[in-house]
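K.L.:
kindly return the folded structure for what I paste below:
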Amino acid sequence: MRNFNKTTKKSAQGDYESAFKKEERKWYKVLAGKLNTPFAFWLCVFGVLFFYLQRQLFFHFYYIEQEQLFLWNNAYLAEVIMEPAGLARLLTEFCVQYFIQPYYGALIMSALFTIIGMLTAGIIKRIARNANLFIFSLLPIVLLLFVHFDTNYFYRGTMAYLLMLLVLYGYCWITNLSLRIFYVTVMGALLLWGAGGVAFLFVVCVFLWELINRFTRAYVFLLPLLVVTGLALWSVYASIIGEYRYIFLPDGYFTYRLRPGVSIYLAWIYLPLLLIVCRLMRNRQIIKRGRKLIELSFQLLLIVVIFWFGMDKFANRNSDFYKELDYYMRNGQWDTIIERCSGEMKNYLYKCCLNVALAEKGELADRMFTFDQQGLQSIIVPWNRVPHISVLLSDIYFSMGHMAMAQRMAFESYESISIAGGPRMLKRLIQTNLIYGAFPVAEKYLDLLDQTIYYKDWVREHRRFLWNDEAIENDSLLGIKRKCIPQINMLSELQGLYIDLEIIAQQNPEHKASIHYAGAFYLLSKELIMLEELISKNYRTAVLPTLPESFQEAIVILSEQDPSYLERYDISEPVINRYNEFRRQFLSNRNNSAMLPGLMKNSFGNTYWYYYMFK
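P.N.:
From the prediction side, this is the model:
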């Protein structure tokens with residue numbers, strides 16, 4: 001009996017282990033099957049896109065977020081949704097408001113790109129199941145990526161493209177002819193209003209597909225094409241849209257004053273070509289697994305090659321470094337800007353950011369020539385009515401203590417960005433109106449900014465300054481800027497910026513950036529007599545109790561013609577000794593004009609004397 005029981009237990013245990021192993025193998029098969037599904041493929045695509053975008057567009061996402069202001073109120077939503085391409089814009093701005101958070105930009109855009117790829121794959125599978133063109137669904141993602149590096153591209157163009165693919169995918173599932181015509185006509189008109197020019201791409205793709213697939217009845221699909229074309233022409237005639245290219249081409253998703261490059265058209269050109277290829281391969285027989293893998297591998301290789309060479313040719317990376325500096329400027333990371341701007345720089349925007357950082361650190365007049373300077377545009381660029389230049393100029397004037405011009409440039413940028421402006425310049429308008437004591441205006445702007453998600457804390461922090469002059473005057477930022485406001489109107493700059501800055505410096509001697517900027521203007525323009533006049537009026541006063549190093553170096557140059565300058569001003573012994581060495585080396589090598597700049601730069605490239613002689 002015992003043996004029987006033991007045998008029975010062993011048999012039961014063996015059956016249990018066998019069943020467990022079968023169940024385990026079953027789950028392995030299920031898991032392996034899942035890993036081979038398109039879901040796993042698109043999950044990998046999403047992951048690759050996320051890591052790439054996070055690495056390459058990290059600062060770009062922060063920059064884009066500042067160019068819009070999504071407001072959670074019915075009036076704003078109604079106003080946006082009723083404008084041409086309003087739905088695409090509304091959806092885009094809803095997404096872009098989250099770009100202020102780390103990783104959110106890459107996360108959201110990776111999701112949008114992945115959906116575009118999935119919809120393209122769905123269209124391919126629906127109209128040409130055996131074509132084996134699955135990997136080509138990645139190509140729209142690659143082609144759209146090229147244009148996303150351009151700050152002049154509106155991200156709503158990508159959202160509009162996604163909406164168009166969604167509508168095109170729906171069309172592929174309709175079999176009834178009358179229903180197809182009705183669907184394409186209605187959705188084409190809705191797309192035109194809600195997403196803009198992609199509606200024309202949609203009806204052209206549908207007509208092309210019907211033409212190559214059902215030639216004898218394709219003419220009936222001229223109806224939706226004519227309807228959308230007629231509505232587009234009417235929108236231009238009625239001045240709803242400015243130009244024909246904005247409604248028939250993707251130009252409407254680009255800064256209106258500029259002409260886009262080739263990259264913006266690539267995804268539009270690709271879609272009709274894809275439909276033609278799908279039609280040619282629609283009746284293809286099912287191929288063997290080995291050949292299928294070879295074809296997919298070739299497609300993937302082609303995608304990689306297009307991406308590799310396309311990024312080099314089409315992607316505009318010229319502004320990447322400025323976007324990084326803009327981020328640091330916005331967050332007051334002055335030391336980081338100074339560190340990142342070491343070495344030679346050709347771009348004046350970079351130089352302006354650097355000099356703002358030096359001014360905010362109180363080091364402009366002492367250290368500016370240890371960095372690469374090149375004329376007056378190194379500290380202030382001309383205003384050209386472009387929004388991002390207005391933003392930079394507002395930062396520069398605010399650093400100078402010139403509140404009137406800081407407010408004007410903030411308003412210019414704010415008005416030209418979008419319906420609700422941008423958060424950065426809206427904050428600047430709040431600051432300047434608080435500084436001027438224009439509390440009703442400041443409150444209006446605070447109420448506007450309070451309708452956002454991520455700026456409520458900033459609004460709460462600044463509401464305490466409303467109708468509270470004492471709180472403003474005691475604030476470390478607003479208080480010292482308020483003291484910079486002179487008794488005269490400086491908005492028109494009638495006396496010139498140099499004179500304005502001197503007046504501001506005399507109004508508020510604590511604000512050293514004003515006198516340092518005034519002197520920097522004279523130094524960079526090599527107007528040393530004007531600099532000496534500025535110094536003589538303010539030297540040994542609260543405005544200029546001591547001479548910064550670059551001012552001393554300029555006075556030493558003047559002393560070549562009049563030695564009394566050295567007696568009039570306290571020039572340090574190291575500066576005098578170094579100038580004597582500079583003069584000695586210059587005179588001993590002056591016959592070697594080709595090599596002289598390089599020789600002098602090695603020892604004196606960080607002095608005003610080198611700038612004065614060789615730049």
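K.L.:
give me the pLDDT for the closest residue to residue 467 other than its chain neighbours.
P.N.:
Spatial nearest neighbour of residue 467, chain neighbours left out: residue 439 (5.2 Å); criterion: Cβ to Cβ, 6 or more residues apart in numbering. In this view, the C-beta of every residue, glycine as well, is placed from N, C-alpha and C. pLDDT for residue 439: 96.
K.L.:
and for residue 210?
P.N.:
What the model reports as pLDDT for residue 210 is 88.
K.L.:
thinking it is in contact with residue 222, fair?
P.N.:
No. If you go by Cβ atoms under 8 Å, residue 210 and residue 222 don't touch, sitting 9.6 Å apart.
K.L.:
low-confidence regions, the stretch 301-450 of the chain specifically.
P.N.:
For the stretch 301-450 of the chain, the stretches with pLDDT under 70 are 418-420.
K.L.:
what sits up against stretch 290-309?
P.N.:
132-136, 138-139, 142, 145, 287 (Cβ atoms under 8 Å, 6 or more residues apart in numbering).
K.L.:
drop anything exposed from the residues you listed.
P.N.:
Neighbour-count burial (16 or more other Cβ atoms under 10 Å) applied to those gives 132-136, 138-139, 142, 145.
K.L.:
now residue 367: closest residue in space that isn't a chain neighbour?
P.N.:
residue 358 (5.8 Å).
K.L.:
now the two most distant members of the contacts of stretch 290-309.
P.N.:
Greatest spatial distance among those (Cβ to Cβ): 145 and 287, at 30.5 Å.
K.L.:
and stretch 601-615, what's buried?
P.N.:
Neighbour counts using 16+ other Cβ under 10 Å place 604, 607-611 of stretch 601-615 among the buried residues.
K.L.:
and the contacts of it?
P.N.:
Counting by Cβ under 8 Å, 6+ apart, 369-370, 373-375, 523-524, 526, 550, 553-554, 556-557, 578-579, 581-582, 585-586, 597, 600 sit against stretch 601-615.
K.L.:
where do the helices sit along the stretch 51-200 of the chain?
P.N.:
In the stretch 51-200 of the chain, the segments counted as helices under DSSP state H, counting those that start in this stretch are 58-65, 74-81, 86-96, 104-127, 139-147, 156-171, 177-195, 198-213.
K.L.:
so which of those helices gets nearest residue 569?
P.N.:
Proximity to residue 569 (Cβ to Cβ) singles out helix 58-65 among these, at 43.7 Å.
K.L.:
now that closest one: average pLDDT?
P.N.:
Averaging pLDDT along helix 58-65 yields 94.
K.L.:
what lies in contact with that helix?
P.N.:
96-97, 99-100, 104-106, 109, 148-149, 151, 155, 320, 323-324, 326-327, 330, 423.
K.L.:
what do you get for stretch 70-84?
P.N.:
By Cβ under 8 Å, 6+ apart, the list of residues contacting stretch 70-84 from outside reads 86-87, 89-90, 93-94, 96-97, 193, 196, 235, 240-241, 247, 252, 419-420, 448, 451-453.
K.L.:
sorry, back to before: relative to residue 314, how far out is the residue nearest to residue 367?
P.N.:
36 Å (Cβ to Cβ, to the nearest Å).
K.L.:
follow-up on the earlier one: now render the helices of the stretch 51-200 of the chain as CSV, adding distance to residue 380.
P.N.:
Below are these laid out as CSV (distance: least, Cβ to Cβ, whole Å):
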stretch, distance to residue 380
helix 58-65, 21
helix 74-81, 35
helix 86-96, 30
helix 104-127, 31
helix 139-147, 31
helix 156-171, 33
helix 177-195, 41
helix 198-213, 41
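K.L.:
among the ones you listed, which is nearest residue 409?
P.N.:
So among the helices of the stretch 51-200 of the chain, helix 58-65 is nearest, using Cβ to Cβ, at 17.7 Å.
K.L.:
how does this protein divide into domains?
P.N.:
The chain breaks down into these domains under automatic domain parsing: 1-36, 46-313.
K.L.:
ok now stretch 292-305, how far from the chain's centre?
P.N.:
In this view, stretch 292-305 has its centroid 33 Å away from the chain centroid, taken as Cα atoms, centre = their mean, to the nearest Å.
K.L.:
would you mark the buried spots in that stretch?
P.N.:
295, 299, 303.
K.L.:
repeat for stretch 336-350
P.N.:
336-338, 340-341, 345, 348-350.
K.L.:
likewise for stretch 120-136?
P.N.:
In terms of neighbour count (16+ other Cβ under 10 Å), stretch 120-136 has its buried residues at 120-125, 127-128, 131-136.
K.L.:
how about residues contacting that stretch?
P.N.:
Stretch 120-136 has contacts (Cβ under 8 Å, 6+ apart) with 38, 137, 139-140, 165, 168-169, 172-173, 209, 274-275, 277-279, 281-287, 292, 295-296, 299-300, 303.
K.L.:
tell me the mean pLDDT over it?
P.N.:
Rounded mean pLDDT across stretch 120-136 is 86.
K.L.:
how long is it end to end?
P.N.:
One end of stretch 120-136 to the other measures 9 Å (Cα to Cα, to the nearest Å).
K.L.:
so how far is stretch 121-134 off the chain centroid?
P.N.:
How far stretch 121-134 lies from its chain's middle: 36 Å, per Cα atoms, centre = their mean.
K.L.:
give the contact list for residue 556.
P.N.:
Here residue 556 is in contact with 565-566, 571, 575-576, 579, 609 (Cβ under 8 Å, 6+ apart).
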